[in-house]
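> model this:
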Amino acid sequence: KIQQKAQAAVEVKLQPVVPEVQPQPTEAQPQPTEAQPQPTETQPTFSPITDDTLRIAILLPFCASSAKQDASVEKFIEFYEGTMLAIYTAQQAGQKFEIYVYDTEKSNAEIQQLIHDGKLNRMNAIIGPTYPTQVATISDFVKQARIPTFVPFTNQIDAIETNPFLIQFNPSDEQETDALVSYLQAKGTTVNCVLMDAAEADMPHVIRLLRNAILTADIPNTSSSIHRILADSIAQDLVAGVENVLIFNTEKYNNLQVLMPHLTPLKERYDITILGRYSWQKETNPFPQLFTSVFDTEIEADRSEYEALYAQYFNLPHTTDMPRYDLLGYDITRQVIATLLGKEYFGLQSDILFEQVNAGGGQQNTHIHIIKK
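Numbers count the residues shown, from 1 in each chain. Next up is the predicted model:
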């Protein structure tokens, strides 16, 4: 089923949805990109495109030729559907495109082949690839060719500090940490961070960063452990009259389920919040969760036109939870188009704000929300 949907997305859906878009690359000889001035501290990395036609390559792992069904590619297909609708709406407003779609699968070989064959040389922008190793593989090429490359899924881009042509949508662990620390600092003495003791090697990177930042910033905190929770003695580490934010050393909610029956009786005496992850929203949790997100639950944009287009051209079930991957593809692609043209875009699901990490580095999305619910 997934292979069929992937083939439909790559080979069939594109033509009726966006008649001017070319789903297969042309065999035109590569042409060098126009020279642009080197970036400085006050100069943007690249200037708005002045050509009538935007040339964009889309690099996604559809894995359409794989013999084994892989449910993990479903989100990339939905992302691609939103991408096509974004291009369609821009076409309706008069913008012209050349779109080149490549199935990069899950290895670096496809990326290396595209570079070797010169298929990407003439692009004004690239959307993708999705995996950290693939981004690393394409990094030197896009820097030399001066092609803005918008990476939609991974937050692990080592070259972001030195490559001004990499643009990262998912915030890094460091960005998430900074946002949470600022939020906690603003609460002053009305918060108590309860740090669960754990071996350093067991901690996810983002949790280690946050713990160290809390201690460095002198945010009120106490230490505890899951053993005290299981022994029903954690109350000695909680503070009455303030918000106790429990910070565990896990990114998997399943690891915490056994602890909840021991914590629930404390709700009557203490204000308890669990520092969670975005993916925990669907879990049944007796306590409020605090987490970071690049998706704004308060956006009131009218999506009726988009939903009508989606139903008209795809008529397929899509993700209903946030994030909706089709909306993610739509928002990122509209943001790419706006960036290339020197314009602004305000998303249907996420407001994106790309800012350079330093004078010689790439850009990261800094629009991070702290959500408690």
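
> residue contacts, the nearest residue to residue 139 once chain neighbours are set aside?
Nearest residue to residue 139, sequence neighbours excluded (C-beta to C-beta, 6 or more residues apart in numbering): residue 159, at 4.3 Å. C-beta: built from backbone N, CA, C; applies to glycine. Contact analysis of residue 159 by C-beta atoms under 8 Å, 6 or more residues apart in numbering lists 135, 136, 139, 143, 166, 362.

> for the first one, helix, strand, or coil?
Right, residue 135. Here residue 135 is helix, with the state taken from DSSP: H, G, I helix; E, B strand; the rest coil.

> which residues touch it?
If you count contacts by C-beta under 8 Å, 6+ apart, residue 135 has them with 129, 149, 151, 154, 156, 157, 159, 166.

> could you redo the last one with a cut-off of 7 Å?
Taking C-beta atoms under 7 Å, 6 or more residues apart in numbering, we find residue 135 in contact with 129, 151, 154, 157.

> which of those residues fall within helices?
Of the contacts of residue 135, none are assigned to helices by DSSP state H.

> just those residues now: which is nearest residue 352?
Residue 352 lies nearest to residue 151 out of the contacts of residue 135, by C-beta to C-beta, at 12.6 Å.

> ok so, going back, could you measure from the residue nearest to residue 139 over to residue 216?
Distance, residue 159 to residue 216, by C-beta to C-beta, to the nearest Å: 27 Å.

> also residue 81?
Distance of residue 81 to residue 216, computed by C-beta to C-beta: 44 Å.

> tell me which of the two has more neighbours.
residue 81 (26 against 9; other C-beta atoms under 10 Å).

> may I have the phi/psi pair for that one?
phi -60, psi -50 (degrees, to the nearest 10).

> that one reaches residue 314, doesn't it?
Yes. Judged on C-beta atoms under 7 Å, residue 81 makes contact with residue 314 at a distance of 5.4 Å.

> please give the element, helix or strand, for residue 97.
Using DSSP states H and E, residue 97 sits in strand 96-103.

> what is the burial count for residue 223?
By the criterion of other C-beta under 10 Å, residue 223 has 12 neighbours.

> surely it and residue 197 touch.
Yes. With contact defined as C-beta under 7 Å, residue 223 reaches residue 197; the gap is 5.9 Å.

> that older thread, closest one of the contacts of residue 135 to residue 116?
Nearest member of the contacts of residue 135 to residue 116, counting by C-beta to C-beta, is residue 129, at 15.4 Å.

> grab the nearest non-local neighbour of residue 248.
Closest to residue 248 by C-beta to C-beta, 6+ apart is residue 196, at 5.0 Å.

> how far away is that neighbour from residue 235?
15 Å.

> how close does the residue most central in space within the chain get to residue 292?
In the chain, the residue lying closest to the centroid (C-alpha atoms, centre = their mean) is residue 170, at 3.2 Å. Separation of residue 170 from residue 292 (C-beta to C-beta): 11 Å.

> and the helices in the stretch 151-300 of the chain?
173-186, 205-216, 226-230, 260-263 (DSSP state H, counting those that start in this stretch).

> in a markdown table: those, plus mean pLDDT.
Below are the helices of the stretch 151-300 of the chain laid out as a markdown table (pLDDT from 0 to 100):
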| stretch | mean pLDDT |
| --- | --- |
| helix 173-186 | 94 |
| helix 205-216 | 93 |
| helix 226-230 | 94 |
| helix 260-263 | 94 |
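
> quick one: those helices as CSV, columns for distance to residue 323 too.
Listed next are those as CSV, based on distance: least, C-beta to C-beta, whole Å:
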stretch, distance to residue 323
helix 173-186, 16
helix 205-216, 18
helix 226-230, 31
helix 260-263, 26
